[in-house]
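> 3D model of this:
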Amino acid sequence: MTLYRDEGIVLRTQKLGEADRIVTVLTRRHGRIRAAAKGVRKTKSRFGARLEPFTHVDLQFYERRSLDLITQAETLRPYGESLVTDYPRYTAGTAMLETAEKLTSEEGEPALRQFLLLVGGLRTLAERGHDPRMVLDAFLLRSLSVAGWAPALDECCRCGERGQLRGFAIAAGGAVCARCRPPGSATPAPPTFQLMLALLRGDWEYADGSEGRHRVECSGLVAAYLQWHLEHGIRSLRHVERGTDDSTSNDREPV
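Purely as a prediction, here's the structure:
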């Protein structure tokens, strides 16, 4: 009997039989794991509520030939409790979970940096200190960077020239100068480039002070860039709302 332990974030669950579930977890040491949880759909289940999406859990697994079996589950942080009552934060969190699963395609392959990004992103959402859509965009940009697909934002992705950036070409890899700009490229405002760079670097002081129109433009570019690099789109992105908290908004009428 081979047992092993790991902590992880529950990404999603699927029904299995009459009372069981298949639980997909992004773990610290073993990457993405799909495991069976026996009897968790019964009302008397010992740990069914601990295996819901968004939950940060400590798990014990029993290794089997097909699906490993979850034999113990202890909650470390129930992020879902603070997200399910806030639709913009819940949908942003759902998009994070789906993206994390898509960007860790090899089951059982270590993905420590993706795991840490996901934990940090969910914690930031739950703390409610920033616009949830900007938290999501920051997570997406950093996850793409970890996956090796970081967009060029402060120099032309074709010639390397800094400054005078005139477009954003998704297929080319990000920002482009006027000379290298291919037809059909997006033409974001310069502050949008700065916002994307701030989110990638974690400069929340700049991000929180950005204007709403630049946030909307940033979100559209990030979503398009992410989905271009994935074989399949992120379905949950269509439900994401760009909610702006009163404490972080910079779009107020002058007094």
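
> any buried residues in the host helix or strand of L116, and which?
According to DSSP states H and E, L116 maps onto helix 112-127. By 16 or more other CB atoms under 10 Å, the buried positions in helix 112-127 come out as 114-115, 117-119, 121-122, 124-126. For every residue, glycine as well, the C-beta is placed using N, CA and C.

> cool, stretch 142-149 as well?
142-144, 146-147, 149.

> what do you get for stretch 229-242?
Buried-residue list, stretch 229-242, by 16+ other CB under 10 Å: 229, 234, 236-237, 240, 242.

> how about the helices in this structure?
Secondary structure of the chain by DSSP state H: the helices cover 80-83, 87-102, 112-127, 132-146, 190-201, 204-208, 212-229.

> would you turn those into CSV with distance to L3?
As requested, these are arranged in CSV below (distance: least, CB to CB, whole Å):
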stretch, distance to L3
helix 80-83, 27
helix 87-102, 25
helix 112-127, 21
helix 132-146, 30
helix 190-201, 40
helix 204-208, 41
helix 212-229, 37
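
> among those helices, which is nearest D154?
Proximity to D154 (CB to CB) singles out helix 190-201 among those, at 5.9 Å.

> list the contacts of the closest one.
134, 137-138, 141-142, 145, 150-151, 153-154, 165, 168, 175, 203-204, 206-207, 210-211, 214-215, 217-218, 221-222 (CB atoms under 8 Å, 6 or more residues apart in numbering).

> quick one: buried ones out of those residues?
Neighbour-count burial (16+ other CB under 10 Å) is assigned, among the contacts of helix 190-201, to 134, 137-138, 141-142, 150-151, 153, 165, 168, 175, 204, 207, 210, 214-215, 217-218, 221-222.

> tell me the pLDDT at the residue nearest to F168 when sequence neighbours are not counted?
In space, not counting the residues next to it along the chain, F168 is nearest to A186; the distance is 4.5 Å by CB to CB, 6 or more residues apart in numbering. On pLDDT, A186 comes in at 96.

> next one: S247
S247 carries a pLDDT value of 38.

> spatially central, which residue of the chain would that be?
With distances taken as CA atoms, centre = their mean, M96 lies nearest the centre of the chain, 2.7 Å away.

> residue ranges in the stretch 151-255 of the chain under the pLDDT threshold?
The stretch 151-255 of the chain contains residues with pLDDT under 70 at 241-255.

> which ones among the buried residues of stretch 229-242 map onto strands?
Among the buried residues of stretch 229-242, no member falls in strands (criterion: DSSP state E).

> what is the nearest of these to I22?
S236 (19.0 Å).

> list the contacts of that closest one.
Listed by CB under 8 Å, 6+ apart, the contact set of S236 reads 91, 94-95, 97-98.

> Q14 against I22, yeah?
Yes - assessed by CB atoms under 8 Å, Q14 is found in contact with I22 at 4.5 Å.

> hang on, the earlier thing: possible to save the buried residues of helix 112-127 as a markdown table with pLDDT and distance to A73?
Formatted as a markdown table, the buried residues of helix 112-127 follow (pLDDT from 0 to 100; distance: CB to CB, whole Å):
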| residue | pLDDT | distance to A73 |
| --- | --- | --- |
| Q114 | 97 | 21 |
| F115 | 97 | 17 |
| L117 | 98 | 23 |
| L118 | 98 | 18 |
| V119 | 98 | 17 |
| G121 | 98 | 22 |
| L122 | 98 | 18 |
| T124 | 97 | 24 |
| L125 | 96 | 22 |
| A126 | 96 | 20 |
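
> re the thing from before, between Q14 and I22, who's got more neighbours?
Using other CB atoms under 10 Å, the more surrounded residue of Q14 and I22 is I22, with 15 against 10.
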